[in-house]
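Asker: got a predicted structure plus its sequence, pasted below:
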Amino acid sequence: MTSLLNRLFGRSKRGSGATAKNRLHFVLQHDRINLPPERAEEMKKEILAVIVKYLAVDRDRVEIALEQRDRLHSKLVAEIPIVNESHRAANQKLEPPAAVSARVESNGVDKVENADSADTSYDSIADKDEKDQKEPVADKTKGDEPRDDDKR
Amino acid sequence: MAGKVVTISSGKGGVGKTTATANLGISLASLGKKVVVIDADIGLRNLDVIMGLENRIVYDLVDIVEGRSKLRQSMIKHKKFEDLFLIPAAQTRDKMAVSPEDMVKLTDELREDFDYILIDSPAGIERGFRNALEPADEVLIVTNPEVSAVRDADRITGLIEAAEKGPGRLIINRLKPDLVKKGEMLSSDDVYDILGLTIIGIIPEDELVLSASNSGIPVTLNMDSKAGMAFNNVARRLVGEDVPFMNLNGNTSFLQRLVSFLDGR
């Protein structure tokens, strides 16, 4: 009966089969683009290291992840929230937050998607008018994108 | 006659390639097709014992390729089926004794006389696999619902597509419905989600497969075997029939399904 309740309320425990599926998803993501997890981590650090040279980034909320629709379509999706200078100044003024502020913190968020649109990715960063950065960032993101072609 | 070359591969060893090849050969022959099965695992000959033909071997694949024997005299006829033949692997040579071009030449000759030429690929992704892949019109990928086998199936899938032989179709072998129900085994849907390949067969785990290999009588010849039935269905799908997938749970009626649902099974 408890299992029926679990079932009805969607609480049924998932067994090792689900673990197997998750592990396979992870391992195949890396197999398919021929980039092992450790190297992927290094790459993310390098990408971020370049970006922080030019932008104030909210490091705690940075997300750079591999996405894979199927074996032939992988992309690297990055969400790199940028700390807006004026907001930062405002927040600093408010510290410690004694008064209730009308201003809600809203960090600018730029999305960098490289598989389909390496160009737009640098465009959105270039909005911050750092022209010099466009070379290194574009190179980085392009470097790990086109592996699908090998697999065809 | 323009026969079709079907290669059975897997990447990982021990998932049931040879068993699948033997059973598909028998099933296709029992559907009235003219079939030859080729053991491409040179140095590790096995298809002959699974098919119960080990006593009849005189010549092998390498003898044919190197011109020591004629194709016709080297093929071993199955005891039960007039139109089912085996070309065994050489036992004392290695994979380099045969080239992908040799295999194309051989199968082109066989295409004239047979409906289906099944090639049992060796495990791995090297020369033996290349030999088996090169002449293929279609590739069947055998896997088990298990992490390492599925990973290797994905790897092989990439190589098959790179060789423009894809997409392969998938045989999920040794599935245990009880474990799937408990969530302790990847389901066929899970494997499909991960690999994205069309499934041509789901073969349940069946003790009768071991008895069959013990006795050299492939399990498709055993009417009581679920695995045998499942292999038969694969053969029928291969020839283009639309065959529904077997219910592997044994619960057929609505009432039984309701009871098992309420039971949380």
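Answerer: Perfect, I can see it now. Numbering: from 1, shown residues only, chains lettered A, B, ... in the order given.

Asker: counting neighbours, what do you get for residue 56?
Answerer: You didn't pick a chain, so chain A it is. Number of residues near residue A:56 (other CB atoms under 10 Å in any protein chain shown) recorded here: 16. C-betas here are computed from N, CA, C, even on glycine.

Asker: should've been chain B
Answerer: Residue B:56 has 13 neighbours, counted by other CB under 10 Å.

Asker: surely it and residue B:74 touch.
Answerer: No. Using CB atoms under 8 Å, residue B:56 is not in contact with residue B:74; the gap is 11.1 Å.

Asker: the helix or strand containing residue B:208: which residues count as buried?
Answerer: Here residue B:208, judged by DSSP states H and E, is contained in helix B:207-215. Buried residues in helix B:207-215, counting neighbours by 16 or more other CB atoms under 10 Å in any protein chain shown, are found at B:209, B:212-213.

Asker: in terms of secondary structure, what does that helix contact?
Answerer: Packing contacts for helix B:207-215, counted by 3 or more CB pairs under 8 Å, 6 or more residues apart in numbering or on different chains; DSSP states H and E, involve helix B:226-238.

Asker: over to residue B:8: give its phi and psi.
Answerer: phi -110, psi 120 (degrees, to the nearest 10).

Asker: so which bits of the stretch 151-265 of chain B are right by chain A?
Answerer: The stretch 151-265 of chain B comes close to chain A at residues B:151, B:154-155, B:157-158, B:161-162, B:179-180, B:182-187, B:190, B:193-196, B:261-264, as judged by CB under 8 Å from any CB of the partner chain.

Asker: what subset of these is buried?
Answerer: For these, buried by 16+ other CB under 10 Å: B:151, B:154-155, B:157-158, B:161, B:179-180, B:183-187, B:190, B:194-195.

Asker: out of these, which are inside helices?
Answerer: Under the assignment DSSP state H, these contribute B:151, B:154-155, B:157-158, B:161, B:179-180, B:190, B:194-195 to helices.

Asker: low-confidence stretches in chain B?
Answerer: Applying pLDDT under 70 to chain B flags the ranges B:1, B:250-265.

Asker: residue ranges of the strands in it, please?
Answerer: With strands called from DSSP state E, chain B shows them at B:4-9, B:35-39, B:76-77, B:84-87, B:116-120, B:138-143, B:169-175, B:199-204.

Asker: make a markdown table from those and add mean neighbour count to it.
Answerer: Shown next, in a markdown table, are the strands of chain B (neighbours: other CB atoms under 10 Å in any protein chain shown):
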| stretch | mean neighbour count |
| --- | --- |
| strand B:4-9 | 25 |
| strand B:35-39 | 29 |
| strand B:76-77 | 18 |
| strand B:84-87 | 26 |
| strand B:116-120 | 27 |
| strand B:138-143 | 25 |
| strand B:169-175 | 24 |
| strand B:199-204 | 22 |
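
Asker: now do the contacts for the nearest residue to residue B:101 once chain neighbours are set aside.
Answerer: In this structure, residue B:101 finds its nearest non-sequential neighbour in residue B:134, 7.4 Å apart by CB to CB, 6 or more residues apart in numbering or on different chains. By CB atoms under 8 Å, 6 or more residues apart in numbering or on different chains, the contact list for residue B:134 reads B:100-101, B:103-104, B:163.

Asker: and which of those is nearest to residue A:52?
Answerer: Taking CB to CB as the measure, residue A:52 lies nearest residue B:163 of the contacts of residue B:134, at 43.9 Å.

Asker: test my guess that the closest one contacts residue B:133.
Answerer: Yes. Counting by CB under 8 Å, residue B:163 does reach residue B:133; the two are 5.7 Å apart.

Asker: neighbour count: those two, which is higher?
Answerer: residue B:133 (23 against 15).

Asker: which other residues reach the helix holding residue B:208?
Answerer: By CB under 8 Å, 6+ apart, the residues outside helix B:207-215 that reach it are B:19, B:49-50, B:52, B:218-219, B:221-222, B:224-225, B:227-228.

Asker: the host helix or strand of residue A:23 and chain B in contact?
Answerer: For residue A:23, the element it lies in under DSSP H and E is helix A:16-33. Yes. Against chain B, helix A:16-33 shows contacts by CB under 8 Å from any CB at A:16-18, A:20-21, A:23-25, A:27-28, A:31-32.

Asker: could those residues go into TSV alongside neighbour count?
Answerer: Listed next are these as TSV, based on neighbours: other CB under 10 Å:
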residue	neighbour count
A:16	15
A:17	19
A:18	14
A:20	20
A:21	20
A:23	13
A:24	23
A:25	13
A:27	17
A:28	18
A:31	17
A:32	22
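
Asker: touching, residue B:99 and residue B:132? I think so.
Answerer: No. Between residue B:99 and residue B:132 there is no contact under CB under 8 Å: 12.0 Å.

Asker: okay, those two: which has more neighbours?
Answerer: The residue with more neighbours, out of residue B:99 and residue B:132, is residue B:132; 27 against 15, by other CB under 10 Å.

Asker: ok, and the closest non-adjacent residue to the more buried one?
Answerer: Closest residue in space to residue B:132, ignoring its immediate chain neighbours: residue B:121 at 3.5 Å, by CB to CB, 6+ apart.

Asker: just read off the phi/psi values of that neighbour.
Answerer: phi -80, psi 150.

Asker: and residue 70, what does it touch?
Answerer: Looking at chain A here, since you left the chain open. By CB under 8 Å, 6+ apart, the contact set of residue A:70 is residue B:196.

Asker: if you could check chain B rather than the one you did, that'd help
Answerer: Taking CB under 8 Å, 6+ apart as the test, what residue B:70 contacts is residue B:64.

Asker: with chain A as the reference, measure out to it.
Answerer: Using CB to the nearest CB, to the nearest Å, residue B:70 is found at 40 Å from chain A.

Asker: pop out the phi and psi values for that residue.
Answerer: Dihedral pair for residue B:70: phi -80, psi 150, per degrees, to the nearest 10.

Asker: now residue B:22: how far from chain A?
Answerer: Residue B:22 is 29 Å from chain A, by CB to the nearest CB.

Asker: farthest pair in the contacts of residue B:134?
Answerer: It's B:101 and B:163 that sit farthest apart of those, by CB to CB, at 14.1 Å.
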